[in-house]
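Q: heads up, no residue letters with this:
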């Protein structure tokens, strides 16, 4: 199984590279900060989308998306949460959000900085932002693959 992972699109144009890659996934996870429903609708035209709202999302998205969610993919549980507060304390915020929930992966956003790291048996996966060339060190999105185990890959946007 392949899952496309994105966050922090902020109503900006989605990179064609990412859209092409997402055509080959089983579904898409968006970890919040769409900023408009148009991005959600565009992604839904490609594949099914599991998503949460972020701190920059308005009431239109908050009415249809949860703040956080846990989804099952075979034997694995994936937690999804945008994150909040100071980006320097983001990892602790994310850990706290799922401290009483058994998950194998936590997908989050907010900082626009990619992360693909296992800590204490949990994969922490932040795809970065596919269209932020200001705060992020590079533009990126991610792919999770499930094949007996879960592995993540950060993909840099080339153009």
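A: Yep, that arrived. Values in this document were obtained by computation on a predicted structure and should not be read as measured data.

Q: residue 131 belongs to a strand, doesn't it?
A: No: assigned with DSSP: H, G, I helix; E, B strand; the rest coil, residue 131 falls outside any strand and is coil.

Q: give me the neighbour count for it.
A: Neighbourhood size, residue 131 [other C-beta atoms under 10 Å]: 20. For the C-beta atoms, the positions are set from N, CA and C on the backbone; glycine is no exception.

Q: so residue 115 bridges to which residues?
A: Applying DSSP bridges to residue 115 gives these bridge partners: residue 126.

Q: give me every residue that touches it.
A: Residues counted as contacts of residue 115 (C-beta atoms under 8 Å, 6 or more residues apart in numbering) are 91, 124-126.

Q: farthest-apart pair in the residues you listed, please.
A: Farthest-apart pair in those is 91 and 125; separation 11.7 Å (C-beta to C-beta).

Q: more neighbours: these two, which one.
A: Legend: neighbour count by other C-beta under 10 Å for residue 91 and residue 125, higher for residue 125 (28 against 18).

Q: find the nearest non-adjacent residue to that one, please.
A: residue 152 (4.6 Å; C-beta to C-beta, 6 or more residues apart in numbering).

Q: just the strands in this protein please.
A: Assigned by DSSP state E, the strands in the chain fall at 2-6, 27-30, 49-51, 68-73, 76-81, 105-107, 115-119, 122-126, 140-146, 150-156.
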